[in-house]
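1. no sequence on this one, just coordinates:
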C-alpha cells in the first residue's frame, strides 16, 4: 500500500515537473523571440521558426542516442519518423505546427507580449468550434459561456490597445491566425493519435 502511494506521489511529481518545465520554456521562448524580432530588429520570423524546429529535432535525436547508450537511465520511445506512412500522416500536423510558429513570431514582431497572450486566448474559442466541426464532439453550455467571456476579454484588450494608440492590425491578424493554427494543430493531433493508436513519439520525432 505504501509502495503504491509512493509510486503515485512520484508520478504526480513527474507530471508537475514536466508541466512546470513546459511553462517555463514556453514563456522564456516567447520573450526571447520578442527580443529577437522587436528589440534586435531581426526581420527573419521564418528563419527563427526553422532554427527552433531544427534544434527540437536535434534534441530528440540526441535523446534517442542517449537512450540506447544508457537504457537504464534514459528512456525514449522507438519510432520510424522517416517511414512513408508516418510522413503522410504527420504532414498535416507539421504544416499546422510550422504555421503556428511563424504566425506567432509575426504577431510578436508587431505587438507586446501582454497583447500576444490576449490574442492566444482565442485558441480556446477555435478549439470548441473545430472540436465540433472536425471531431463531432459537442461542448457544454458552461463552456460556451466561458468562451463568450474570452471573446469579451479579447475585445477589451483590442479596445485598450486602440485607446493607447499601440494597436497593430497586422499583429492582431497574425495573433488570430496563430490561435487558429494552434487549435487546428491540437485537433489534428488528437484525431491522428485516436485514429491510428500511435504513440506520441511518432508525432514528435
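-> That came through, no problem. Here the structure is a predicted model, which means the values were calculated and not measured.

2. use CA for all of it now, contacts and neighbours both
-> Will do.

3. give the buried residues for the host helix or strand of residue 191.
-> Following DSSP states H and E, one finds residue 191 within helix 169-196. Under the neighbour-count criterion of 16 or more other C-alpha atoms under 10 Å, helix 169-196 has 171-172, 174-189, 192 buried.

4. equivalent analysis for stretch 140-152, please.
-> Using 16+ other C-alpha under 10 Å as the test for burial, stretch 140-152 gives 147, 150, 151.

5. what residues does that stretch touch?
-> The contact list for stretch 140-152 (C-alpha atoms under 8 Å, 6 or more residues apart in numbering) reads 121, 122, 124, 125.

6. now the one helix or strand residue 12 maps to: buried residues?
-> In the assignment (DSSP H and E), residue 12 maps to helix 2-34. Residues 30, 33, 34 are the ones in helix 2-34 that count as buried (16+ other C-alpha under 10 Å).

7. can you list those residues in CSV and add distance to residue 41 and pLDDT?
-> Output for the buried residues of helix 2-34, formatted as CSV (distance: C-alpha to C-alpha, whole Å; pLDDT from 0 to 100):
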residue, distance to residue 41, pLDDT
30, 15, 87
33, 11, 86
34, 10, 86
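
8. can I get those in TSV with distance to residue 74?
-> TSV is the format used below for the buried residues of helix 2-34 (distance: C-alpha to C-alpha, whole Å):
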residue	distance to residue 74
30	29
33	30
34	34
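
9. for those residues, which one is nearest residue 166?
-> Using C-alpha to C-alpha, residue 34 comes nearest to residue 166 of those, at 16.0 Å.

10. where does the nearest residue to the closest one once chain neighbours are set aside land on pLDDT?
-> Leaving aside its sequence neighbours, residue 34 sits nearest to residue 108 (C-alpha to C-alpha, 6 or more residues apart in numbering; 5.6 Å). On pLDDT, residue 108 comes in at 86.
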